[in-house]
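*Asks:* sequence first, then the predicted structure, then my questions.
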Amino acid sequence: MVGTDDVEVERVLRAGLLECDCGGVLRPWGRARERALRQAGGGEDRRSPRRSRCSSCRRTHVLLPADSLLGRRDAVGVIGVALVARAAGSSIARTAARVLGVPFATVRGWLRRFAVVADAVRARFTVLAHDLDPQLGAIGASGSSFGDAVEAIGVAARAAALRFGPVDAWQLAASATGGRLLCNTSCP
Ligand SMILES: [Zn+2]
């Protein structure tokens with residue numbers, strides 16, 4: 001996962017500042033195929049993410065910007081609007097109406113998937129929040145595991161903001177899960 005500023009991504013990649021899982025240095029390696037990312041309001045952002053190749057293990061990695069999730073066409077901020085609305089008690093239909101331009105079935109798919117991974121998400125972001133802010137007290141329970149998971153992401157984002165300055169909660173959620181917040185194949 002990398003930031004959303006292409007110029008900065010290019011700079012750190014060329015400077016050899018990005019690391020592979022194996023610890024090797026990532027080098028520029030072309031671009032992935034173009035994909036569209038649906039933004040709030042239904043507009044699309046077309047982009048070809050940077051590819052990189054590890055100088056030690058030789059594996060290639062696509063550098064996914066932090067405003068997107070693996071395998072999802074919508075920006076994580078759009079998905080986050082739906083998750084927050086659902087956590088606040090909106091029905092699936094009213095939640096879907098909040099995210100303009102996204103089909104009902106797509107929104108329902110996010111909500112169902114998040115419900116499945118909610119406990120794992122809550123656990124992960126509770127640990128992250130306490131790592132970022134050791135003074136942090138217990139995180140209040142909302143009465144549902146879905147709501148608790150959304151709350152834990154928010155608390156972690158506030159802890160990150162205290163430490164590093166302004167943080168987008170949903171970009172943090174994407175980054176901290178390696179883009180796998182809503183993945184079907186492995187837990188975040
Ligand atoms: Zn490597």
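*Replies:* Structure's in. What do you need?
*Asks:* hey, let's count contacts and neighbours off CA atoms from now on
*Replies:* OK.
*Asks:* where do the helices sit along this protein?
*Replies:* For the chain, the helices defined by DSSP state H cover 6-14, 76-87, 92-98, 104-132, 145-164, 169-176.
*Asks:* gap between residue 121 and residue 153?
*Replies:* Between residue 121 and residue 153 the computed distance is 8 Å (CA to CA, to the nearest Å).
*Asks:* using a markdown table, lay out the helices of the chain together with mean neighbour count and distance to the ion.
*Replies:* Compiled in a markdown table, these are given as follows (neighbours: other CA atoms under 10 Å; distance: least, CA to the ion, whole Å):
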| stretch | mean neighbour count | distance to the ion |
| --- | --- | --- |
| helix 6-14 | 14 | 14 |
| helix 76-87 | 21 | 27 |
| helix 92-98 | 17 | 40 |
| helix 104-132 | 18 | 25 |
| helix 145-164 | 21 | 28 |
| helix 169-176 | 23 | 19 |
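*Asks:* distance to residue 68 for these - can I get that in TSV?
*Replies:* What follows is the helices of the chain, written out as TSV (distance: least, CA to CA, whole Å):
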stretch	distance to residue 68
helix 6-14	14
helix 76-87	5
helix 92-98	19
helix 104-132	14
helix 145-164	16
helix 169-176	7
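*Asks:* pick out the shakiest of the ones you listed, pLDDT-wise.
*Replies:* Ranked on mean pLDDT, the bottom entry among the helices of the chain is helix 92-98, at a mean of 92.
*Asks:* contacts for it?
*Replies:* Applying CA atoms under 8 Å, 6 or more residues apart in numbering, the contact partners of helix 92-98 are 81-82, 85-86, 102-104, 107-108, 111.
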